[in-house]
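Trainee: Kindly generate the corresponding structure for this input.
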Amino acid sequence: MQRQDLELLGLSITNVTMERALEMVMDCAGERHTMHFVNAHCINIAAKDPEYHRILSQADALFADGSGIRFAGKWLGTPIIDNVNGTDMFPLLCQACARSGKRLFLLGAAPGIAQQVADWTKEHTGSEVVAGYHHGFFSSAEESSVVESIHSSGADLLLVAMGVPAQEKWIARLRDRLDVPVCMGVGGLFDFYSGSISRAPKWMRSVGIEWVWRLCMEPHRMWRRYIVGNVVFIVRIARIRFTRVHKESATE
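Mentor: Residues are numbered from 1 along each chain as shown. Below is the predicted model:
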């Protein structure tokens, strides 16, 4: 059966299960591909940032991340199959790398965080799946050295945790110099697996309200993204739906 992706704001959201998404990532770890996770916050930014929108439109896959995209899919007539977010994918990705011999490079977050994530991967897989790591607080003068570290590590996948849209723009700007098959922006993933930020209980994740937990954990940083941003996103999807219904009615 042909896959039905969600068309949203001129972007094609890859509508697959977590299992299939993981297969796509692993299968591409021998070529040169760029993949990202897209949630409601990403769509809000893309609506105002043409450069970020262009970068997302050129990605090889945009995985549907979170309840906002699920809501959009339901309202726009393309139900989302699965919540394919980076935080849930990461342990599966580590296990797949341990089995296949492929390795990761972790780039981003505050000093010491990526190393803690690397320690987590070794503890939970029993393998050295991380080929290298570097924090995200480097200067422009240090950038070439960071790129060389990625190249010399021989990593098959580069995970960049710099936040949206900085991580996607950094990957796009340097993609030709990044000699690594798969590049992915992963947002705050490192903070979760380093233990810096606790994740929502499983029941909250299962019903799609993990954002409430994030808001409670970091109210000063997250209130605008979730309180204001969620309303803006819902209004945006409602407008798209109204426009589509209006056009369909006009052609009948």
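
Trainee: can you map out the helices along this structure?
Mentor: 18-27, 40-46, 50-57, 67-75, 86-100, 113-125, 143-153, 166-174, 189-193, 202-206, 210-217, 219-223, 229-251 (DSSP state H).

Trainee: worst average pLDDT in those helices?
Mentor: Ranked by mean pLDDT, these end with helix 210-217 at the bottom, a mean of 66.

Trainee: tell me which residues form a beta bridge with the residue nearest the centre of the chain?
Mentor: Nearest residue to the geometric centre of the chain (CA atoms, centre = their mean): Phe37, 2.8 Å. Phe37 forms beta bridges with Phe63, as assigned by DSSP bridges.

Trainee: Just confirm it contacts Val186, I think it does.
Mentor: Yes. The pair Phe37 / Val186 is scored as a contact, 7.0 Å apart, by CB atoms under 8 Å. (Each C-beta comes from the backbone N, C-alpha and C, glycine too.)

Trainee: which residues are common contacts for the two?
Mentor: Common neighbours of Phe37 and Val186 are listed as Gly86 (criterion: CB atoms under 8 Å, 6 or more residues apart in numbering).

Trainee: If I follow the layout properly, Phe233 ends up in contact with Cys42?
Mentor: No. Counting by CB under 8 Å, Phe233 stays clear of Cys42, with 9.9 Å between them.

Trainee: Tell me which of the two has more neighbours.
Mentor: Cys42 (27 against 22; other CB atoms under 10 Å).

Trainee: Now tabulate the helices of the chain in JSON lines and tack on distance to Gly132.
Mentor: Shown next, in JSON lines, are those (distance: least, CB to CB, whole Å):
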{"stretch": "helix 18-27", "distance to Gly132": "19"}
{"stretch": "helix 40-46", "distance to Gly132": "27"}
{"stretch": "helix 50-57", "distance to Gly132": "24"}
{"stretch": "helix 67-75", "distance to Gly132": "32"}
{"stretch": "helix 86-100", "distance to Gly132": "14"}
{"stretch": "helix 113-125", "distance to Gly132": "9"}
{"stretch": "helix 143-153", "distance to Gly132": "4"}
{"stretch": "helix 166-174", "distance to Gly132": "16"}
{"stretch": "helix 189-193", "distance to Gly132": "14"}
{"stretch": "helix 202-206", "distance to Gly132": "30"}
{"stretch": "helix 210-217", "distance to Gly132": "29"}
{"stretch": "helix 219-223", "distance to Gly132": "29"}
{"stretch": "helix 229-251", "distance to Gly132": "34"}
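
Trainee: Ok, which of these comes nearest Asp5?
Mentor: Checking the helices of the chain against Asp5 by CB to CB gives helix 67-75 as the closest, at 9.8 Å.

Trainee: Show me what that closest one is packed against.
Mentor: Under the contact criterion of 3 or more CB pairs under 8 Å, 6 or more residues apart in numbering; DSSP states H and E, helix 67-75 touches strand 6-8, helix 40-46, helix 229-251.
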